[in-house]
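*Asks:* next one to model:
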Amino acid sequence: MKKIVLIEDDADLYSLVQYNLEKEGFQVLGLQTGKGAFELCRRERPDLILLDVMLPDSDGLEICKAIRGNSDLAHIPVIFLTARASETDRIVGLELGANDYIVKPFFVRELIARVKIHFRAEKPATKLLRSGDLELDRGRCIVKRGNKELTLTATEFRLLEFLMSRPGVVFSREQLLDAVWGHDRAVTDRTVDVYVLRLRQKIEQEGGPAFIRSVRGFGYSFNVEAPVEQLQ
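*Replies:* Model (predicted):
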């Protein structure tokens, strides 16, 4: 049974969505406030998250950023439920890592259809990530550029794997520290900059594609202009 976390402050809508999803065979649990939402997701490890953007005590966008910055949760599909309908709002939501964006009011049948689409699109975990001639082998912990094997430290490998498996998603330095170095760490934000510089020196070539993109004032992402193939 697929588990869905629902974060929605409207009690009537929460009950309606929960009832219909459970009728379709899903397990639904959640909150009607943003407080504790991230901790709930970390504890339950759901298969999908339905997240209201405008919560009375939290910003759904910030919760999504936290989810995408956590290595255990970052792969989980997030569908935004929101009354914000402008193109800008949609773009911001998707750029922050949402997989889908449903504007209120909506038909519950449409929501259920979109939820099912995400589960149909599920793929088994992939061992190989490839972007251009850059290849990362998760099983053997090897990175190649063309036919040449690159020498990366364990931390450099984890940083590249994290970014490469989430192309286009921008992560702050703090999020990268949590995902790659973990919460129990004795390093600073500056450490991320140093490791990104070292990683670029190893994987990028003069005149070739820039695999890691800097986002001024925020952090880093894997360049979507260098699309990633996920191979078995």
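*Asks:* what number of residues lie near Asp189?
*Replies:* 12 (other Cβ atoms under 10 Å). For every residue, glycine as well, the C-beta is placed using N, CA and C.
*Asks:* same deal with Pro77?
*Replies:* With neighbours defined by other Cβ under 10 Å, the count for Pro77 comes to 21.
*Asks:* show the contacting residues for it.
*Replies:* By Cβ atoms under 8 Å, 6 or more residues apart in numbering, Pro77 lies in contact with 47-49, 99-100, 118.
*Asks:* most neighbours of all these, which one?
*Replies:* Ile49 (26 neighbours).
*Asks:* who does that residue bridge with?
*Replies:* Beta bridges link Ile49 to Val5, Val78, judged by DSSP bridges.
*Asks:* may I have the residues that are in contact with it?
*Replies:* Neighbours of Ile49 in contact, by Cβ under 8 Å, 6+ apart: 4-5, 7, 41, 67, 76-79.
*Asks:* repeat for Arg140
*Replies:* Counted by Cβ under 8 Å, 6+ apart, Arg140 has zero contacts.
*Asks:* pLDDT score assigned to the closest residue to Val108 other than its chain neighbours?
*Replies:* Nearest-residue entry for Val108: Asn20, 4.9 Å, with adjacent residues in sequence omitted and distances by Cβ to Cβ, 6 or more residues apart in numbering. We have a pLDDT of 96 for Asn20.
*Asks:* got the residue ranges for the helices in this structure?
*Replies:* Listed in chain order, the helices of the chain (DSSP state H) span 11-23, 37-44, 60-68, 87-95, 108-120, 154-164, 173-176, 189-203.
*Asks:* among those, which is nearest Asn223?
*Replies:* helix 154-164 (9.3 Å; Cβ to Cβ).
*Asks:* give me the domain ranges for this structure.
*Replies:* 3-120, 128-231 (automatic domain parsing).
*Asks:* ranking the ones you listed by mean pLDDT, which is last?
*Replies:* The weakest mean pLDDT among the domains of the chain belongs to domain 128-231, with a mean of 85.
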